[in-house]
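Novice: Just the structure for this:
(4 chains)
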4 protein chains.
Amino acid sequence: MSATARGEDVAQRQEGTPMNDIDVYQRQGLGRPSGLGRRCGLVLVDFVNGFVDPALLGGRHVADAAARTLPLLQAFRGLGLPVAHSRVVFAADGSDHNMFCRKAPALTRFTEEAECSQILPLLAPEAGERIVRKQSASAFFATGLADWLRARGVDTAVVVGCTTSGCVRATAVDAMQHDFMTVVVEDCVGDRAQGPHDASLFDLRQKYADVMDRDALLSAIS
Amino acid sequence: MSATARGEDVAQRQEGTPMNDIDVYQRQGLGRPSGLGRRCGLVLVDFVNGFVDPALLGGRHVADAAARTLPLLQAFRGLGLPVAHSRVVFAADGSDHNMFCRKAPALTRFTEEAECSQILPLLAPEAGERIVRKQSASAFFATGLADWLRARGVDTAVVVGCTTSGCVRATAVDAMQHDFMTVVVEDCVGDRAQGPHDASLFDLRQKYADVMDRDALLSAIS
Amino acid sequence: MSATARGEDVAQRQEGTPMNDIDVYQRQGLGRPSGLGRRCGLVLVDFVNGFVDPALLGGRHVADAAARTLPLLQAFRGLGLPVAHSRVVFAADGSDHNMFCRKAPALTRFTEEAECSQILPLLAPEAGERIVRKQSASAFFATGLADWLRARGVDTAVVVGCTTSGCVRATAVDAMQHDFMTVVVEDCVGDRAQGPHDASLFDLRQKYADVMDRDALLSAIS
Amino acid sequence: MSATARGEDVAQRQEGTPMNDIDVYQRQGLGRPSGLGRRCGLVLVDFVNGFVDPALLGGRHVADAAARTLPLLQAFRGLGLPVAHSRVVFAADGSDHNMFCRKAPALTRFTEEAECSQILPLLAPEAGERIVRKQSASAFFATGLADWLRARGVDTAVVVGCTTSGCVRATAVDAMQHDFMTVVVEDCVGDRAQGPHDASLFDLRQKYADVMDRDALLSAIS
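Specialist: Model prediction:
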């Protein structure tokens, strides 16, 4: 195994890496805004107990992101805009365990009835909101979510939740791939560490999504 | 637009961000190896002229990654293992332009006949190798690549190409989501800047793939 | 609305339609066998209470098909081959109602807890068998079933269940599209009427699957 | 191989099968209209030379269906509604040959440059119309067509082409599965034999689509 295959080394190397070669993005014309369309849908990625709790798979910023999401969720509800929630749910008998579980064994605790897989009470779904159970990173993967949003007239996917460098990013990339205008709300997403959080927001903004803060988005849709 | 929506600010912030909260990954049991299965398939992501050329969408490390990939490609060919190449190809009449084009307008130059969309002569496909034309980040998205690999007995997807933080990462995440054991060959992937390259290798290793260097992989499969 | 848009007329026309132009299939080289591969997986499509009961969405042949399926299921279990069951399940709050529900409103009664959506006790899943909840015709659509079968080494999908001209056919066509060798077991599939059952078996055999009877399949895999 | 696995026997049995048990569909509430939405998109399935020619894979009704489709295509163009065409295209080196080719070997002649895979001159695509190359039955399978239509505001998929019991049916079922309101235009679809054509229109009307004739559709959208 190469030196960089060990996490600590990568972290040290990343810490020392200057980002001063970053202006190539501008020269290549990346980072153009995709903008907001006519109808937004809100996708809350994995705001469940187990991703708030640092003892399980959570991060220190996730609870804050959830608290900041509440007014956004209320705004979508008030405007009658579609809302979808994702949960990680694996079968208790292990019948659907996959490579994601092999990389991150703690995921297997997220069964249908487990406390860790329940959506945060603060953001509990209301009737008519879609709940997708997923076994992958992206909330779109093998869930039918793209069709569900489209059938409700959504052309712009607004993504919040956790973790920024994990399921949020995978979901936002898939939203773009399904040809939605895509917004990631930077103060409504959280991660287990700051570096990966920042790096993914950078990539998302350059290539896949518009990264906005919550209040700017609230102003734009109200 | 928030302060962090401007690329320079993000880059500065990322540069100064310590990765010293990174040990949470180990505490949460992330980064377990997924391992190699019984049969590998090689996926070369976007090794085309336009991603070598920094004046278009290329990066300074991509040509090096391509050169290092050649012996790996030759090994797969020698072993009779399946090989697939992806190219970005958009219609000349613009009929399939999408959000990816809106974020990165230079992509629209990658038409079927354009010089920039041709696979590097060094790595030119041989008869029987699959060429997938894609309009998205992931080589798996809307291309049938997962089924093609599986039908040829592949259980392990080996991903090389460019860019690390873009189409390589999206392809590797999708490989894992399709339940392949997934390997990213770290010295056979390249990007337009070092920071995003390193950050994506870190995330890939922690959650989605085994990150190996080429010679270790060559030893393992030979 | 045209004359043929009325069901009775179509039925009458179909009844009187000679199939004597059917030899074109042979002249065009259709109907070649795809054969059995190295490892079969069994997909039981919608063997649930509501598709046995003619007062809901069932057909008179479905209970017989289920009874004949039991020895096949036992054989797969005995051989340690992968088994998957599909159920139609819609959300009780209507959040996932779709066009399928609009064409066939009775589908909305198939909620998670409803009696009609429970798998027949005779064929009740055992631990480790995959249960896919679906809102569409095909058991592969937006369920991840293809990846699940492939990850367990399956190259041949054996399809049984109901209804032949509905979810069985859609599932078998998708199995072929995912590049599985596909077998439809003709005495283990049932429908609500004989004409559509026969017509779909004809189409399946010509273009998508091998149509075998149960005992021939049992001999082949044992 | 069982008796019914031989095409001739099935044809004879189907010929003699009364459709008099067909009233079960009405009792079970099937066949409800899904209706037209706000914006139609036209999907022309496989109107290529090789499906008109009975010596290859064509049927006697396909040329008539194409002729009747022209005014419909002109109407969509006049109204500025999205239009997509599908072609079967396999790689000349056989690299993407699949189970569909095994069932119907003549498909392998449909290469990019082959005369048989070219769209009929009568219905030749105009700039801006989408052309999807497919290796499967459904024009939606692994092509990104659903996202393309949705991104252009389409909520209603109008399906024409050939063959009715093959790629048209698979495409219409997938349109419904992607939650489009779906219309099959019965005098703009054709097949290689009458029995399978009629049987598929019956199934489509009962469970997946509205079956309309062309003039009724033209009146509705004009």
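
Novice: drop to CA atoms for contacts and neighbour counts, all remaining ones
Specialist: Fine.

Novice: ok, residues contacting the strand or helix carrying A:V183?
Specialist: A:V183 is part of strand A:181-190 when elements are defined by DSSP states H and E. Outside strand A:181-190, the residues that touch it by Cα atoms under 8 Å, 6 or more residues apart in numbering or on different chains are A:34-37, A:59-66, A:68-69, A:155-164, A:168, A:172, A:175-176, A:197, A:201, A:208-214, A:217, B:99.

Novice: out of those, which are inside helices?
Specialist: Members of these lying in helices (criterion: DSSP state H): A:62-66, A:68-69, A:172, A:175-176, A:197, A:201, A:214, A:217, B:99.

Novice: Widest-spaced pair of the residues you listed?
Specialist: A:A63 and B:M99 (31.2 Å; Cα to Cα).

Novice: Look up phi and psi at A:H178.
Specialist: phi -80, psi 10 (degrees, to the nearest 10).

Novice: Likewise for A:R133?
Specialist: Torsion angles, degrees, to the nearest 10, at A:R133: phi -90, psi 130.

Novice: for chain A, what spans make up the strands?
Specialist: For chain A, applying DSSP state E gives strands covering A:40-45, A:83-88, A:130-134, A:156-162, A:181-190, A:210-212.

Novice: just for chain A, where's the confidence low?
Specialist: For chain A, applying pLDDT under 70 flags the ranges A:1-20.

Novice: domain ranges for chain A?
Specialist: Domain segmentation of chain A under automatic domain parsing yields A:1-30, A:34-221.

Novice: Just name the most buried of the ones you listed.
Specialist: domain A:34-221 (a mean of 22; mean count of other Cα atoms under 10 Å in any protein chain shown).

Novice: Now do the contacts for the residue most central in space within chain A.
Specialist: With distances taken as Cα atoms, centre = their mean, the residue of chain A nearest its centroid is A:V168 (1.8 Å). If a contact means Cα under 8 Å, 6+ apart, then A:V168 has A:45, A:138, A:159-162, A:189 as its contacts.

Novice: Which pair of the residues you listed spans the longest distance?
Specialist: Across those, the longest distance by Cα to Cα is 14.6 Å; it joins A:S138 and A:V189.

Novice: Ok, which of the strands of chain A comes nearest B:Q74?
Specialist: strand A:130-134 (38.0 Å).

Novice: Going by contacts, tell me the helices and strands next to the closest one.
Specialist: The contact analysis (3 or more Cα pairs under 8 Å, 6 or more residues apart in numbering or on different chains; DSSP states H and E) places strand A:130-134 against strand A:83-88.

Novice: The strand it packs on pairs with which strands, parallel or anti?
Specialist: strand A:40-45 (parallel), strand A:130-134 (parallel) (DSSP bridges).

Novice: For B:V89, find the nearest of the ones you listed.
Specialist: Comparing those under Cα to Cα, the one sitting nearest is strand A:40-45, at 29.1 Å.

Novice: by how many degrees do that closest one and strand A:181-190 diverge?
Specialist: 40 degrees (axes from the mean of the first three to the mean of the last three Cα atoms, to 10 degrees).
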